[in-house]
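Student: Got a predicted model here, sequence first, then my questions.
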Amino acid sequence: MTEAPIIGIHRHRLTTDGEGVTTLVGFWGCPLTCKYCLNPQSWKIKKCQTFTPQHLCNNVSIDQLYFLATGGGITFGGGEPLLYPDFINEFRSICGDDWNITLETSLNVPLKNLQKVCPSVNNYIVDIKDTNDEIYKKYTGKSNVQALENLSWLVKEVGQESIMVRVPLIPNYNTPEDIEKSIKLLEEKGLKKFDKFSYTIHNLDKKLKPQSEEADNETDVH
Ligand code: SF4
């Protein structure tokens, strides 16, 4: 039986991570270790609740009317949802085709994971961070080569209309000039939709949060 560890389910989100009213489902686990990750419990905590696709569908279908009335649905984030392609495919087969499924992902996973889940997904919010591999490595602990290759594949497969790319200004790691370079390279790949924002110092612990998400909940990590 397919199961997945889920760290949080957040209902009634409006236009923060997809069209219409959405429910954000956060998976446990991530291949990256971003320095300002808002949700380090997604890769540190070893125990969290496990769901089957059916169990999750029963849980989130309480908002079916909102999804249908607004063109919303489920946004899978985390953590990294592309660690769970079989779970997402099974969830799609159970919930049907009426809900939008959006992934919030770094794309830094094996291409086969993305290829497997692609037919089940309507939209992608890709947290590319920075296209400069040195900057990316310093910030995430891993190279971005796989993520960029996957993004190139994805644009060709689904078209740029379904993909929003996040290009944050990350204090101490990149600059506005770096962001412009990233956007230029991404435009060369055919991408047109970008979410430019800046992390800002927040609270006394100097934790950094995206400005647009300061009032939001902790699973909003990408
Ligand atoms: S910010 Fe996102 S990609 Fe980075 S470590 Fe946290 S969950 Fe993973």
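Tutor: Nice, thanks for sending it over. Numbers count the residues shown, from 1 in each chain.
Student: so where do the strands sit in this structure?
Tutor: Ranges of strands in the chain, per DSSP state E, are 4-14, 21-27, 49-51, 73-77, 100-105, 123-127, 163-169, 194-202, 207-210.
Student: With mean pLDDT as extra columns, can I get those strands in CSV?
Tutor: Formatted as CSV, those follow (pLDDT from 0 to 100):
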stretch, mean pLDDT
strand 4-14, 93
strand 21-27, 96
strand 49-51, 95
strand 73-77, 96
strand 100-105, 97
strand 123-127, 97
strand 163-169, 97
strand 194-202, 81
strand 207-210, 47
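Student: partner residues bridging Met164?
Tutor: Residues in a beta bridge with Met164, per DSSP bridges, are Ile125.
Student: residue contacts, it?
Tutor: Going by CB atoms under 8 Å, 6 or more residues apart in numbering, Met164 touches Asn123, Tyr124, Ile125, Val126, Lys193, Phe194, Asp195. Backbone N, C-alpha and C define where each C-beta goes, glycine included.
Student: can you check Lys138 too?
Tutor: Each residue near Lys138 by CB under 8 Å, 6+ apart is listed here: Tyr173.
Student: distance of it from the ligand?
Tutor: Using CB to the nearest ligand atom, to the nearest Å, Lys138 is found at 13 Å from the ligand.
Student: Same question for Val25.
Tutor: Distance, Val25 to the ligand, using CB to the nearest ligand atom: 14 Å.
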